[in-house]
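Visitor: Got a sequence here, can you model it:
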Amino acid sequence: MNFLQIETWISILQIIMVDIVLAGDNAVVIGMAASRLDPSVQKKVIMLGTAGAIILRLVMAFLLVEALHVVPALHLIAGIVLLWIAIKLVLAEEENTEIESKNSLRAAIITIIMADAMMSIDNVIAVVATANGHYALVVVGILITVPIIIYCSAFFAKVIGKYPIILLLGGALLGWVSGGMIVEDNLIKEYIVGYEIIIKLVCTVVVIMVAVWNNSKNKE
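Guide: Coordinates of the predicted model:
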């Protein structure tokens, strides 16, 4: 990974955007888990919980990156799953963030880490796909994004709520990335030579059409 290349920074910015638009509920979970603790230790719990969540995300991302190199058809499967994640994003389906607050420091930290891990599977798939399987990019993206999500969650929630087009752009980006994952699969690679851009565009257009249809339905 060369930080002097513009392509590297474009990939990092894409990872940050993807993770932010997918991770709105994660910060809510962290706040809820720490809500019953004494204010003097809440900051410590959030910091430790965030650190644990970052480590667990990195482990999950590492396992996925390694699996992409050895498991047949995993690029194809991951691409299809990512396309579903993109569609779910533009449909604005709310995740269940009901979680019991904890009154002990250890229990709150464990709750934060485990809850974030369960809610971050789609984030990890999206980040790894956006980084095209380059673990160094994944690490940089996660290290930058997770603290931003935790400490700026209220700001991002307000901005996304005010400008829904951000979700559409994020979904379109995920659609493009999902197409990129699909065309990289070794099982179908030789059969789609020359059609790679078309497949990426189709995935992107599908997400945009679903978003437009959902918007029209909501207006009606």
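
Visitor: ok, now which ones touch the nearest residue to residue 182 once chain neighbours are set aside?
Guide: Take residue 182 and drop its neighbours on the chain: the residue closest to it by CB to CB, 6 or more residues apart in numbering is residue 79, 3.6 Å away. (Glycine included, C-beta is placed from N, CA and C.) By CB atoms under 8 Å, 6 or more residues apart in numbering, the contact set of residue 79 is 129, 178-182, 184-185, 203.

Visitor: do that again at 10 Å, thanks
Guide: Residues near residue 79 by CB atoms under 10 Å, 6 or more residues apart in numbering: 125, 129, 177-185, 199, 203.

Visitor: Please apply the same query to residue 166.
Guide: Counting by CB under 10 Å, 6+ apart, residue 166 has contacts 17, 20-21, 156, 159-160.

Visitor: In helices only, show me the residues you listed.
Guide: Per DSSP state H, helices hold the following members of the contacts of residue 166: 17, 20-21, 156, 159-160.

Visitor: quick one on the thing from earlier: which helix or strand contains the residue nearest to residue 182?
Guide: Per DSSP states H and E, residue 79 falls inside helix 74-90.

Visitor: Name the residues of that helix that are buried.
Guide: Neighbour-count burial for helix 74-90, counted by 16 or more other CB atoms under 10 Å, picks out 74-76, 78-79, 81-83, 85-90.

Visitor: Quick one, which of those has the minimum pLDDT?
Guide: When the buried residues of helix 74-90 are compared by pLDDT, residue 89 scores lowest at 81.
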